[in-house]
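**Q** One predicted model, sequence on top.
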Amino acid sequence: MEAPSSPAEPGESLDARRRSAALRSAIGRLPETQRVVATLRVDGDLKFDEIARLTGSTTNAVKVNFHHAVVALRKSLRGRGSDDVR
């Protein structure tokens, strides 16, 4: 599964586009399971139990993979100097 991408919005600032590109790049570097879980959770707006059913995993495993993905994304984006990462 590829990292989500979207065309630039007309009013979107260069800084916002750079942050978006950095996030897409960081998502693309996640291990496959974490990338799939994070994408389904955020872009697909699916619940953990729905993701578990789709991936053939347990709900707990999905939650753990999502947590690891969030931690990895925060670390990756902080390393790039993104000020918006909490």
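**A** Arrived safely.

**Q** neighbouring contacts of the helix or strand hosting I51?
**A** Counting by DSSP states H and E, the element that carries I51 is helix 48-55. Counting by Cβ atoms under 8 Å, 6 or more residues apart in numbering, the neighbours of helix 48-55 from elsewhere in the structure are 33, 36-37, 40-41, 44, 46, 57-59, 61-63, 66. C-beta: built from backbone N, CA, C; applies to glycine.

**Q** Check which residues of it are buried.
**A** By neighbour count with 16 or more other Cβ atoms under 10 Å, helix 48-55 contains the buried residues 48, 51-52.

**Q** Equivalent analysis for stretch 23-31, please.
**A** Within stretch 23-31, the residues scored as buried using 16+ other Cβ under 10 Å are 23, 26-27, 30.

**Q** For those, could you give me JSON lines that also reports distance to R17?
**A** Formatted as JSON lines, the entries for the buried residues of stretch 23-31 read as follows, by distance: Cβ to Cβ, whole Å:
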{"residue": "L23", "distance to R17": "11"}
{"residue": "A26", "distance to R17": "15"}
{"residue": "I27", "distance to R17": "16"}
{"residue": "L30", "distance to R17": "21"}
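
**Q** quick one: which of the residues you listed is nearest to L77?
**A** Proximity of those to L77 was ranked by Cβ to Cβ; the top entry is A26 with 5.9 Å.

**Q** isn't that closest one right up against L73?
**A** Yes. If you go by Cβ atoms under 8 Å, A26 and L73 touch, sitting 5.2 Å apart.

**Q** What is the burial count for R41?
**A** Residues lying near R41 (other Cβ atoms under 10 Å) number 20.

**Q** Kindly format the C-alpha coordinates of stretch 47-65 as CSV.
**A** As requested, C-alpha coordinates have been extracted for stretch 47-65 and formatted as CSV (Å, rounded to 0.1, in the frame of the first residue of the first chain):
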residue,chain,number,x,y,z
LYS,A,47,-12.0,1.5,13.9
PHE,A,48,-9.4,-0.8,15.3
ASP,A,49,-11.7,-3.8,15.2
GLU,A,50,-12.5,-3.1,11.5
ILE,A,51,-8.8,-2.9,10.7
ALA,A,52,-8.3,-6.2,12.6
ARG,A,53,-11.0,-7.9,10.5
LEU,A,54,-9.6,-6.6,7.2
THR,A,55,-6.0,-7.5,8.0
GLY,A,56,-6.7,-10.9,9.7
SER,A,57,-5.1,-9.6,12.9
THR,A,58,-6.3,-9.1,16.5
THR,A,59,-7.6,-5.8,17.7
ASN,A,60,-4.7,-5.6,20.2
ALA,A,61,-2.1,-6.2,17.5
VAL,A,62,-3.7,-3.4,15.4
LYS,A,63,-3.6,-1.0,18.4
VAL,A,64,0.1,-1.9,19.1
ASN,A,65,1.0,-1.4,15.4
